[in-house]
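Enquirer: what's the 3D shape of this:
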Amino acid sequence: MKNKKKDWLRYLHLGAKASIVIGELVFVISLASGFFNVNTQKWIKSQYQDTQQTALVTHIDQKRLHFTQSLWASTPGNLFVHSKTQQQLKKLVKLAQLRQNNQQQVDHYYDGSAYYANGVSTKKLNHTDRQLLLDKNQTVYQKQKNRLDTIRIWFEQTRDAQKYLTKTLPPTNNDHNQTLTMTQASEISAYYKLLKNRTLKKDWQPRVAQALQQFKDAQKNQSQAQKAQQQKELTALKNAPLTQDYQPANVTIIDKLKQLDQITRILQQAGITSNTVLVYLSSTQTLNLVRRSGDHYVPVLHSLSVVGGSLPAGSYVVRRIINNASATAGVVTDPSSASFGRYFDDATTFTTQQNDISDFNQTDDVFWLKNNLKLQPSILVANASQIGFLADAPLALDNTLGLNLSDLNSLMTAISIGVTLYVD
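Expert: Numbering: from 1, shown residues only. Here you go, the predicted model:
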């Protein structure tokens with residue numbers, strides 16, 4: 001009886017010790033869990049540029065993200081992760097995965113560095129374009145957008161080239177090739193070089209080679225008078241765009257090599273190295289949206305004619321693409337303000353002072369968009385000392401460029417905030 005009592009006391013003593021150890025373990029786990037969650041939440045916050053806009057930093061800490069995901073996925077590790085931390089982590093993983101998926105999708109469209117892959121379509125490009133917009137980091141977005149736009153340009157120009165080659169080289173009439181003019185032969189050669197898909201280029205190579213060889217053979221039998229006439233046609237061709245009876249929806253091929261060389265030279269002299277630039281040539285009154293390709297610039301859109309207006313020479317930045325502006329939308333026109341040239345959806349957050357001035361050049365505080373409906377829609381540009389608008393012509397305001405509404409809509413679709421405008 002006495003031994004049983006001693007055994008019971010011993011078990012009680014051991015149980016008490018075990019309870020203390022378990023309590024200490026629970027305390028340590030709770031302390032470690034709290035430390036882990038506080039630090040993890042702090043780290044998650046550091047992966048955002050702007051938590052309100054859900055804009056991730058340009059370079060995410062992928063190693064720590066993968067480690068945290070692995071810990072969260074394990075059963076013991078899941079005990080450490082609080083529900084709030086789990087929610088924040090889920091959101092971060094979703095945004096990081098979106099960026100990775102976008103990158104992989106754009107990469108998938110490339111076949112090497114100079115061609116686009118098979119299977120590219122307008123529908124796929126448009127879908128990817130919308131997906132890229134979900135990444136709110138402007139640096140990442142613009143980089144991926146530039147690469148996607150390159151594919152779109154290649155795709156459109158290849159489609160245009162195919163239309164011309166199909167029209168000029170019908171596959172059912174081999175004798176047709178022998179009647180090619182010098183102009184047609186030159187254009188066939190030029191359009192063949194525009195094919196940016198390896199498979200299509202390989203398919204067209206025999207027909208183009210045969211056509212040019214037959215033309216070359218036919219040239220040997222021509223009279224001197226015929227050769228002189230065709231040389232005259234070729235000279236005229238060098239100063240004109242490639243002839244087509246159609247216009248592509250988004251991208252038009254510009255064959256004005258002299259103008260592109262001039263634009264490249266102007267931008268180099270101005271020290272501009274941006275990937276995408278909108279150039280206004282005051283000498284020809286045209287707007288040209290171009291993109292850097294190596295050490296030269298290539299066209300994104302056909303040249304747009306400016307109907308009227310002017311802007312002081314220099315470099316500007318597209319601050320806003322304005323569509324359906326709210327009743328309180330405005331642009332800061334106070335030259336002494338750090339927000340000069342900035343667009344606000346609700347400018348009452350900047351000032352409560354209202355005015356009814358319709359000319360933005362005459363305001364020294366805020367220009368309210370509701371005061372001039374001609375500037376809706378429009379493109380707002382600005383630099384450190386100047387504000388301007390590109391809008392539907394005609395415009396009776398200084399520091400504006402007027403375009404036909406269709407050209408304005410095309411331009412608004414093609415450009416984005418942050419693009420450089422250079423006025424020569």
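Enquirer: alpha carbons only for contacts and neighbour counts from here, please
Expert: OK.
Enquirer: Mind listing the residues bridging to the closest residue to Val277 other than its chain neighbours?
Expert: Take Val277 and drop its neighbours on the chain: the residue closest to it by C-alpha to C-alpha, 6 or more residues apart in numbering is Thr420, 5.0 Å away. Beta-bridge partners for Thr420, by DSSP bridges, are Val277, Val317.
Enquirer: correct me, but Thr420 touches Arg319?
Expert: No. The criterion here is C-alpha atoms under 8 Å, and Thr420 misses it with Arg319 at 9.7 Å.
Enquirer: sorry, back to before: OK, contacts around the residue nearest to Val277?
Expert: Shown in contact with Thr420 (C-alpha atoms under 8 Å, 6 or more residues apart in numbering): Ser274, Thr276, Val277, Leu278, Ser315, Tyr316, Val317, Val318.
Enquirer: Relative to Lys94, how far out is Gln88?
Expert: Separation of Gln88 from Lys94 (C-alpha to C-alpha, to the nearest Å) stands at 10 Å.
Enquirer: These two - which one has more neighbours?
Expert: Legend: neighbour count by other C-alpha atoms under 10 Å for Gln88 and Lys94, higher for Gln88 (15 against 12).
Enquirer: quick one: which of the contacts of Thr420 is nearest Leu411?
Expert: Set against Leu411, the nearest of the contacts of Thr420 by C-alpha to C-alpha is Leu278 (9.5 Å).
Enquirer: Got the confidence number for the closest one?
Expert: For Leu278, the pLDDT comes out at 94.
Enquirer: What's the local residue count around it?
Expert: Leu278 has 23 nearby residues by other C-alpha under 10 Å.
Enquirer: Can you name the residues that contact it?
Expert: Applying C-alpha under 8 Å, 6+ apart, one finds that Leu278 lies in contact with Leu287, Asn288, Leu289, Val290, Val419, Thr420, Leu421, Tyr422.
Enquirer: any chance of those in JSON lines, with pLDDT too?
Expert: Below are the contacts of Leu278 laid out as JSON lines (pLDDT from 0 to 100):
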{"residue": "Leu287", "pLDDT": "92"}
{"residue": "Asn288", "pLDDT": "91"}
{"residue": "Leu289", "pLDDT": "90"}
{"residue": "Val290", "pLDDT": "88"}
{"residue": "Val419", "pLDDT": "91"}
{"residue": "Thr420", "pLDDT": "92"}
{"residue": "Leu421", "pLDDT": "94"}
{"residue": "Tyr422", "pLDDT": "95"}
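Enquirer: Just name the closest of these to Thr413, please.
Expert: Closest approach between those and Thr413, by C-alpha to C-alpha: Leu289, at 11.7 Å.
Enquirer: Confirm that closest one sits in a strand?
Expert: Yes. Per DSSP: H, G, I helix; E, B strand; the rest coil, Leu289 lies within a strand segment.
Enquirer: wait, it sits on Tyr297?
Expert: No. Using C-alpha under 8 Å as the test, Leu289 is too far from Tyr297 to be in contact (9.5 Å).
Enquirer: Between these two, which has more neighbouring residues?
Expert: Neighbours were counted for Leu289 and for Tyr297 using other C-alpha under 10 Å; Leu289 has more, 24 against 21.
Enquirer: and Ile357, helix, strand or coil?
Expert: coil.
Enquirer: So for it, what's the nearest residue that isn't a sequence neighbour?
Expert: With sequence-adjacent residues excluded and distances taken as C-alpha to C-alpha, 6+ apart, Ile357 is closest to Asn371, at 6.3 Å.
Enquirer: ok, now Lys136?
Expert: Using C-alpha to C-alpha, 6+ apart and skipping residues adjacent in sequence, the residue nearest Lys136 is Ala55, 4.6 Å away.
Enquirer: what about the one you found, how many neighbours?
Expert: Neighbours of Ala55 using other C-alpha under 10 Å come to 17.
Enquirer: residue contacts, the residue lying closest to Pro377 once chain neighbours are set aside?
Expert: In this structure, Pro377 finds its nearest non-sequential neighbour in Asn323, 4.9 Å apart by C-alpha to C-alpha, 6+ apart. Each residue near Asn323 by C-alpha under 8 Å, 6+ apart is listed here: Gln376, Pro377, Ser378.
Enquirer: again, but for Val423
Expert: Going by C-alpha under 8 Å, 6+ apart, Val423 touches Val279, Tyr280, Leu281, Ser282, Leu311, Pro312, Ala313, Gly314, Ser315.
Enquirer: Tell me the pLDDT of it.
Expert: Val423 carries a pLDDT value of 93.
Enquirer: Phi and psi next, for it.
Expert: Per-residue torsions, Val423: phi -100, psi 120 (degrees, to the nearest 10).
Enquirer: Kindly report the same for Ser305.
Expert: Main-chain torsions, Ser305, degrees, to the nearest 10: phi -80, psi 130.
Enquirer: That one pairs with what?
Expert: With DSSP bridges as the criterion, Ser305 is bridged to Thr286.
Enquirer: how near is it to Leu408?
Expert: Counting by C-alpha to C-alpha, the gap from Ser305 to Leu408 is 10 Å.
Enquirer: So for those two, which residue has more residues nearby?
Expert: Shown here are Ser305 and Leu408; by other C-alpha under 10 Å, Leu408 has more neighbours (21 against 17).
Enquirer: Confirm for me that that one is in contact with Leu401.
Expert: No. Between Leu408 and Leu401 there is no contact under C-alpha under 8 Å: 10.3 Å.
Enquirer: Overlap in contacts, those two.
Expert: Jointly contacting Leu408 and Leu401 under the rule C-alpha under 8 Å, 6+ apart are Leu390, Ala391.
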